[in-house]
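In: Pasting a predicted model and its sequence here:
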Amino acid sequence: MSNFRRDPLKGTWVITENQRIRQPREFLIDRQQITMRLCPFCPGQESKTPVEVFALRPDNTAANKPGWQVRVVPNKFPLLRIEGELNPQATGLYQSMRGIGAHEVIIETPDHQRSLAQLDLAETTSVLQAYRARLLDLRQDSRFRYLQVFKNHGIEAGAPLPHAHSQLMAVPITPPVIRNELNSCREHFRSTGNCLICDLLAQEIADGKRVVFNDGRFLVLAPYASCFPFELRLFPLQHNHDFALQNDRELTDCARALQDMLRRLYRLLQDPPYNFILHTSPPIQPHVGKPDYWETLARDYHWHIELVPRLSRIAGFEWGSGFFINPLPPESAAHFLRDTDPNLSF
Ligand SMILES: [Zn+2]
Ligand SMILES: [Zn+2]
Ligand SMILES: [Zn+2]
């Protein structure tokens, strides 16, 4: 029999089907391949992008020239612009403000051919270091309520350019998804004195059925109320609310877990398209009239990465009801992924 499951972090409900265990091959999709004549993210094409705001490159190389290992540039066609004031307005029941924000692209490797799953540990760590550097810089701008790092892999997941990259959007409003999580975490902390995610991780480790990777520092699991097949979340086991406060060793540990997660998916599902999103604490800013608004944030929130392979489409029932239907129980997804060898020879 199928069952309804609730996600304690998000408050979402999913109907998990378990009448028949489907095999991973039933979820494979035909990937669209994109070939480009001239890629603006390749070394030698630096003049095709806006001027870089960050790069990891040897000292003897010049900015906006080849030699970089990771390069961050503003999006050439940004959805949000960094100059100006927000000018919030109300027209009757409607609210609006100007599209102020930042929209940056993190080019993960100079190599056009390799995806993030194919980078080595040091290269993957460098990508995470670039995320950290940009978060630390952009949080100084008090107009931004949230800084969202995310990755689209494959055109089916919204990446029209095949060269490996992630993105960062700085937005003037806390996204509802994050606000939901922050509220759940704060409520749990108020009633128990504990971090919700630390409690959740302890329960998952004791149970073990949904854990895919655990090296004592980071843990990857298929969430109990997964909305999609092979959905995964990655957590530091040591409590920390803020990704940008992780040191280099911790970022290397994170990169190891991320690499393991991406490689298992790559092997099992033949390089599926996916989105991942970094969920980390918002920059702490005083809230007018609510002086204790963020008081327990450092103790009640716990950063993590959420990954959703894009193997299925949302249909009418999901759109209309907000209930998701997941044809693969996360216990089966975790089982298939644990049985997959993450060691690739690329
Ligand atoms: Zn390229
Ligand atoms: Zn925690
Ligand atoms: Zn989250």
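Out: Ah, there it is. Ligands and ions are numbered 1, 2, ... in the order given.

In: all contacts plus neighbour counts: C-alpha atoms, from now on.
Out: Fine.

In: May I have the secondary structure class of the residue in the stretch 201-346 of the chain positioned nearest to ligand 2?
Out: Closest to ligand 2 within the stretch 201-346 of the chain is residue 239: 4.1 Å, counting by Cα to the ion. Assigned state for residue 239: coil (three-state reduction, DSSP: H, G, I helix; E, B strand; the rest coil).

In: Give me the pLDDT value at it.
Out: pLDDT for residue 239: 98.

In: any idea how far it lies from residue 272?
Out: 31 Å (Cα to Cα, to the nearest Å).

In: what does residue 93 give?
Out: Here the criterion is Cα to Cα. By it, residue 93 lies 42 Å from residue 272.

In: Same drill for the two, tell me which one is more crowded.
Out: Shown here are residue 93 and residue 272; by other Cα atoms under 10 Å, residue 272 has more neighbours (23 against 5).

In: and that one, what is it in contact with?
Out: 28, 29, 31, 154, 265, 266, 309, 310, 311 (Cα atoms under 8 Å, 6 or more residues apart in numbering).

In: Buried among these? Need that as a selection in ChimeraX.
Out: Per 16 or more other Cα atoms under 10 Å, the buried members of the contacts of residue 272 correspond to this ChimeraX selection:
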select :29,154,265,266,309,310,311
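
In: any idea which of the contacts of residue 272 is closest to ligand 1?
Out: Using Cα to the ion, residue 154 is the member of the contacts of residue 272 that lies nearest ligand 1, at 13.8 Å.

In: if we can go back for a sec, you'd agree the residue of the stretch 201-346 of the chain closest to ligand 2 is up against residue 199?
Out: No - when contacts are counted by Cα atoms under 8 Å, residue 239 is not listed as touching residue 199 (10.5 Å).

In: More neighbours: which of those two?
Out: The neighbour comparison of residue 239 against residue 199 (other Cα under 10 Å) goes to residue 239, with 16 against 11.

In: Quickly note the distance from the more buried one to residue 143.
Out: Distance check for residue 239 against residue 143: by Cα to Cα, it reads 28 Å.

In: Next: residue 155.
Out: For residue 155 relative to residue 143 (Cα to Cα), the value is 32 Å.

In: Which one of these two is surrounded by more residues?
Out: The residue with more neighbours, out of residue 155 and residue 143, is residue 143; 19 against 16, by other Cα under 10 Å.

In: Looking at per-residue confidence, what score does the more buried one get?
Out: Turning to residue 143, the model gives it a pLDDT of 89.

In: So it, which state does it fall into?
Out: Following three-state DSSP, residue 143 is assigned to coil.

In: ok, it - contacts?
Out: With contact set as Cα under 8 Å, 6+ apart, residue 143 has these partners: 86, 172.

In: Around ligand 1, which positions in this protein sit nearby?
Out: Residues of the chain found near ligand 1 (Cα under 5 Å from the ion) are 39, 41, 42, 112, 163.

In: Any chance of JSON lines for those, columns pLDDT?
Out: Below are these laid out as JSON lines (pLDDT from 0 to 100):
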{"residue": "39", "pLDDT": "95"}
{"residue": "41", "pLDDT": "97"}
{"residue": "42", "pLDDT": "97"}
{"residue": "112", "pLDDT": "96"}
{"residue": "163", "pLDDT": "96"}
